[in-house]
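Participant: Quick check, what structure comes out for this input:
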Amino acid sequence: MEGININFIGKDGKPFPIRKHPGRYFFISETDLKKLKEINEACKNRGIKHLKEIRIIGRGGAEGNKPFLLRAPEGGFLEGRYLCILAEHAVEFEEVRKRYEELIKEEVREKAEEEKEEVVRKREEGKYVYCVIKSDREMRSFGDLGIEDTGGVYTIPYKEFAAVVSDSPMKEYDMRDENVKEHEEIVRRILDHEDTVLPVAFNMVFKDKRTLLVTMSKARKALRKAYETVYKKVELGIKAVITKEAREKIEKSRSELVKEFESDLLKTLDGKFASLKKLDLFSDRLALNMAFLVDRDKIEAFSEAIEPLCNKYESFKIQYSGPWAPYNFVDVRILGRKGGK
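Facilitator: Presented below is the predicted three-dimensional model:
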């Protein structure tokens, strides 16, 4: 750290008397005076030696506080405006300045130690895994996206793959909607950067990097197989919800109408998806819930094919979602049921 420089200007380097003011004085610039006061206040707040008072005078009589314009020895004026400070203050401040510089150096050292400890702690911290991608063995960063403000999301490479993680305390994350949605949104952000993503289930936390790499080694064959399945593909979802108006009218023929809609849907989408899965009907009003594995270059054709069905089946409200990472088409617990716990 560079030394703190405050200039006290006197006559031939010595203090001088001022009429009506007992004692001898140095000139000090307004800028240096502000710096002196800040340093003195900092020392005071830290309980170390400081000036008990700071007596300043300027032009304008016995209580003068207006600054002077100070002439330079070679003529003209010095830059800035000046006041006068007691010579005793200049002597006392030299000791204050030295102690303050020592204090700052100590704080710099402490901060460096804290940063070093933080790096070590981060290495030893748990790893929350969001997904797995192909890797070029270089660590990559995706920004400060981590779940529950856990910080930077980055890759931990292993062979041809890399786990996308954030540093995390070893804990069980609450499976509330906002957490699950945050996890899914982070994976979706990765999907924006990668052509193929292997999603990992919510709440997969490994106790450290080594444990994660050992698990990836054991799962390498499964990772390869899953990657081949979803290579350059995404998941699109379709739900058919029975409208309130139609619910009572179609109660007797509901199953027939759902079968008709499903058949029509699959004919409409023929050749536009690689695979499909029927998902749970988690509501009485939910008539159909399907996930489709779709090539990235067929997303637009798939989306356009859905539109006519929305008008054709007025008894249903068609909900179309995606693209998502293909959660329903890979083993989402591919890295182990309980992570690294």
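
Participant: Report the mean per-residue pLDDT for stretch 49-59.
Facilitator: Stretch 49-59 shows an average pLDDT of 82 in the prediction.

Participant: how far away is Phe261 from Asp280?
Facilitator: As judged by CB to CB, to the nearest Å, Phe261 and Asp280 stand 18 Å apart. Placement of C-beta: from N, CA and C, glycine included.

Participant: When these two are compared, which one has more neighbours?
Facilitator: The residue with more neighbours, out of Phe261 and Asp280, is Phe261; 19 against 7, by other CB atoms under 10 Å.

Participant: Name the residues that touch the helix or strand of the chain with the lowest mean pLDDT?
Facilitator: Between all helices and strands in the chain, the lowest mean by mean pLDDT, DSSP states H and E belongs to helix 244-247, at a mean of 72. The set of residues external to helix 244-247 that reach it, using CB atoms under 8 Å, 6 or more residues apart in numbering, is Arg285, Glu314, Ser315, Phe316.

Participant: what does stretch 301-308 give?
Facilitator: Identification of contacts with stretch 301-308 by CB under 8 Å, 6+ apart yields Leu236, Ile238, Thr268, Leu269, Lys272, Phe273, Phe292, Val294, Ile318, Tyr320.

Participant: Can you list the low-confidence ranges for the stretch 101-250 of the chain?
Facilitator: 118-124, 247-250 (pLDDT under 70).

Participant: switch to 90 and redo it
Facilitator: Flagging of the stretch 101-250 of the chain using pLDDT under 90 yields the residue ranges 101-126, 135-139, 143-152, 168-178, 193, 201, 203, 207-208, 241-250.

Participant: Show me where it has its strands.
Facilitator: With DSSP state E, counting those that start in this stretch as the criterion, the stretch 101-250 of the chain has strands at 126-134, 141-143, 153-158, 161-168, 198-199, 205-206, 233-242.

Participant: just checking, what packs against the last one?
Facilitator: It refers to strand 233-242. When contacts are defined as 3 or more CB pairs under 8 Å, 6 or more residues apart in numbering; DSSP states H and E, strand 233-242 packs onto helix 254-268, strand 286-295, helix 299-312, strand 316-324.

Participant: that older thread, want to throw the strands of the stretch 101-250 of the chain into JSON lines with distance to Ile28?
Facilitator: Converted to JSON lines, those look like this (distance: least, CB to CB, whole Å):
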{"stretch": "strand 126-134", "distance to Ile28": "55"}
{"stretch": "strand 141-143", "distance to Ile28": "48"}
{"stretch": "strand 153-158", "distance to Ile28": "51"}
{"stretch": "strand 161-168", "distance to Ile28": "49"}
{"stretch": "strand 198-199", "distance to Ile28": "66"}
{"stretch": "strand 205-206", "distance to Ile28": "59"}
{"stretch": "strand 233-242", "distance to Ile28": "69"}
